[in-house]
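Participant: sharing a sequence plus its predicted fold:
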Amino acid sequence: MSSYELIVVGSGAAGMMAAITAARRGKKVLLLEKLSKPGAKLKATGGGRCNLTNTLSNDEFMASFGREGRFMTPSLDAFDHKALRKFFLEIGVESHAPDGFRVFPITHSSSTIINALEKELEKLGVNVLCSQRVEQLEYEEGHIKGVTTATDSFSAPDVIIATGGLGYPALGAEGDGYGLASSVGHKVTDLFPAMMPLRTKEQWVGNCRADTIAKVEIKVALPKHKRLRAKGDLIFTRTGIRGPVVLDFSREITPLLSKYDEIPLLMNLTKGLNEEQIRVHLKAKIIEDPHQSTLEVLKSLLPEALSNELCLLAGADASQRFNKLAGIERDALIRLLAWTPLTITGHDGFKMAMITRGGVTLKEIRPETMESKVLKGLYFCGEVMNLDGPCGGYNLQWSFASGFLAGHLGER
């Protein structure tokens, strides 16, 4: 049996950062990966562009994760977005924030990040073994002792689980870490796919696929969940909706779908205009040209295909002059422009999910060190824990920061 001072299970962003951090502190480190090479999921992040982090303050960053966000305080204090960019610069990767918010490597290629991390692992002498699935954690008298894989056993007084979640199963995500955590007594919350497209009951969305609708506000139209809302760009698909706002909001919707067959939504598609503001806008357009059709007037607010579908929903003739519509038709149309109803009926499961909602419960992990409260010498980092954020570099920053903290093995 080979012996090490630290074994890291999983070679995503969190695992590689944990291994590098520990090796820089002089530890003899083994990094185990069940796939044939490291960083498979990292390669796909940000559409392959690798949105590393963002420029928010730590407080704003944590708030974006919801009520559990404060758990990240020690990790971000130790390794925030500035420290992350400095780290990558030190290993040869320049980064920038072209929109002032999202940070990318200047190559806009995840391969740049993976190559730099692999080079650093090699430079530090980390032993990286691929095609090694960890099947069991070995422990004795409340302390971790090592791991057993399908073909071998390795001993170490410290083990870090950085196996990620269930998202991107095509890239090897199978939730191994949840089973390992449970096997030693950790609780794992319910798991839901997140950051993914959603399916709708309404079929008219399939006629509106050509355009991106900017600055859409979505809210849940259920009495107990009215506080749930999000803003961002939306894209209609053949079977539903996607786009940044949907990817973010799906974190809230997928758990609700386990309780309700359908989730009613209301969407403001007019960049936040309310009914009165819409009336004023449409009246001004009619004054400009009283002979415009209803469709032509609506096109000043929305793309043609979507305008046409809203006319159908309101029972209004799109070809008729707007000022000739019956009052009840105009009112119905204005209400739809302010808040368009849509019904979510499902999703495509983890095969389309970028991240996992849920994980190892945070109450059993020390935020100051990432060490387990259940088993001494066992640590967690990254997505395997019950903490997930929206699109925009949040989840990668959390993975790197928690990996950095875990890699210190409680020795700050």
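Facilitator: Yep, that arrived. As the structure is a computational prediction, the values presented were derived from the model and not from experiment.

Participant: and for stretch 272-283, what's in contact with it?
Facilitator: The contact list for stretch 272-283 (Cβ atoms under 8 Å, 6 or more residues apart in numbering) reads 215, 217, 270, 297, 300-301, 322, 334-335, 337-338. To be clear about C-beta, it is placed using only N, CA and C from the backbone, and glycine gets the same treatment.

Participant: try 6 Å
Facilitator: Stretch 272-283 is contacted by residues 297, 334, 337-338 when judged by Cβ atoms under 6 Å, 6 or more residues apart in numbering.

Participant: with stretch 111-127 instead?
Facilitator: 16, 19-20, 23, 29-31, 39, 42, 50, 91-93, 105, 128.

Participant: how is the chain divided into domains?
Facilitator: Annotated domains of the chain cover 2-190+356-406, 197-347 [automatic domain parsing].

Participant: and among those, the most buried is which?
Facilitator: domain 2-190+356-406 (a mean of 20; mean count of other Cβ atoms under 10 Å).

Participant: reformat the domains of the chain as JSON lines; add mean pLDDT.
Facilitator: JSON lines is the format used below for the domains of the chain (pLDDT from 0 to 100):
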{"stretch": "domain 2-190+356-406", "mean pLDDT": "95"}
{"stretch": "domain 197-347", "mean pLDDT": "96"}
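
Participant: hmm, who's touching stretch 70-81?
Facilitator: The contact list for stretch 70-81, computed with Cβ under 6 Å, 6+ apart, reads 53, 58, 62, 362, 367-368, 401-402, 404-405.

Participant: in strands only, show me those.
Facilitator: Thr53 (DSSP state E).

Participant: out of the contacts of stretch 70-81, which is nearest to Phe236?
Facilitator: Distance to Phe236, by Cβ to Cβ, is smallest for Thr53 among the contacts of stretch 70-81, at 30.3 Å.

Participant: dump the contacts of stretch 70-81 into CSV; add distance to Gln203 as well.
Facilitator: CSV is the format used below for these (distance: Cβ to Cβ, whole Å):
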residue, distance to Gln203
Thr53, 39
Asn58, 44
Met62, 40
Leu362, 41
Pro367, 47
Glu368, 52
Ala401, 43
Ser402, 43
Phe404, 48
Leu405, 48
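
Participant: Ile161 and Val134, how far apart?
Facilitator: Distance of Ile161 to Val134, given as Cβ to Cβ, to the nearest Å: 9 Å.

Participant: joint contacts of the two?
Facilitator: Overlap of the contact sets of Ile161 and Val134 (by Cβ under 6 Å, 6+ apart) consists of Val9.

Participant: does Ala156 touch Gly146 like I think?
Facilitator: Yes. Checked against Cβ atoms under 6 Å, the pair Ala156 and Gly146 is within contact range at 5.3 Å.

Participant: returning to that earlier point: reformat the contacts of stretch 272-283 as JSON lines; add distance to Gly177.
Facilitator: JSON lines is the format used below for those (distance: Cβ to Cβ, whole Å):
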{"residue": "Val297", "distance to Gly177": "55"}
{"residue": "Ile334", "distance to Gly177": "51"}
{"residue": "Leu337", "distance to Gly177": "47"}
{"residue": "Ala338", "distance to Gly177": "45"}
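
Participant: closest to Ala181 out of these?
Facilitator: Using Cβ to Cβ, those come closest to Ala181 at Ala338, 46.5 Å.

Participant: show me what contacts the closest one?
Facilitator: 274-275, 278.

Participant: secondary structure and distance to Glu329 added to those residues, as JSON lines?
Facilitator: Below are the contacts of Ala338 laid out as JSON lines (DSSP: H, G, I helix; E, B strand; the rest coil; distance: Cβ to Cβ, whole Å):
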{"residue": "Asn274", "secondary structure": "coil", "distance to Glu329": "19"}
{"residue": "Glu275", "secondary structure": "helix", "distance to Glu329": "15"}
{"residue": "Ile278", "secondary structure": "helix", "distance to Glu329": "14"}
